[in-house]
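1. Need the 3D shape of this:
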Amino acid sequence: QVQLVESGGGSVQAGGSLRLSCVASGRTISTYAMGWFRRPPGKEREFVATVDWNGGRPTLADSVVGRFTISRDNAQNAIFLQMSSLRPEDTAVYYCAADIDTWEGHKYDYLYDYWGQGTQVTVSS
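-> Okay, here's the model as predicted:
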């Protein structure tokens, strides 16, 4: 079992920044693909970012390219999402996820095995 706990969410004004963290316990995530997803209010969950087991091939959704950065620190058993130039449309619950069946990051939420409880990000205009 892998337990994932997100933190770092909060309320900011448009243009602000936040750094989300996702810390894993129960098992090392160093060989797993990891991802960030979000669920905006009243909408379906959507892909935000993903990264390979070693931090390679960071991939972002088009809507956040140039503003968000995904990274990981396997020594800390954690991944991070640095969010800058935040917009009201970034308002959502943000989730991290682990896919234990592959080391290659991907955007397909139905393939991820473990999920955190989410952290709320609210961006006001």
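2. Identify the residue nearest the geometric centre of the chain.
-> Closest to where the C-alpha atoms of the chain average out (C-alpha atoms, centre = their mean) is Trp36, at 2.3 Å.
3. residue contacts, it?
-> 20, 22, 48-50, 70, 79, 81, 94-97 (C-beta atoms under 8 Å, 6 or more residues apart in numbering). Yep, even glycine has a C-beta here, placed from its N, CA and C like the rest.
4. Try it again at 10 Å.
-> Contacts were defined as C-beta atoms under 10 Å, 6 or more residues apart in numbering; by that measure Trp36 touches 6, 20, 22, 47-51, 60-61, 64, 68, 70, 79-81, 83, 94-97, 116.
5. And Arg39, by the same measure?
-> 45-46, 92-95, 118.
6. which residues in the protein form helices?
-> Ranges of helices in the chain, per DSSP state H: none exist.
7. Could you report the separation of the nearest residue to Arg57 once chain neighbours are set aside from Leu86?
-> If the residues on either side of it in the chain are set aside, Arg57 comes closest to Gly105, at 6.0 Å by C-beta to C-beta, 6 or more residues apart in numbering. Using C-beta to C-beta, to the nearest Å, Gly105 is found at 23 Å from Leu86.
8. Kindly report the same for Asp99.
-> Computed as C-beta to C-beta, the Asp99 to Leu86 distance reads 27 Å.
9. How about Cys96?
-> Relative to Leu86, Cys96 is positioned 18 Å away (criterion: C-beta to C-beta).
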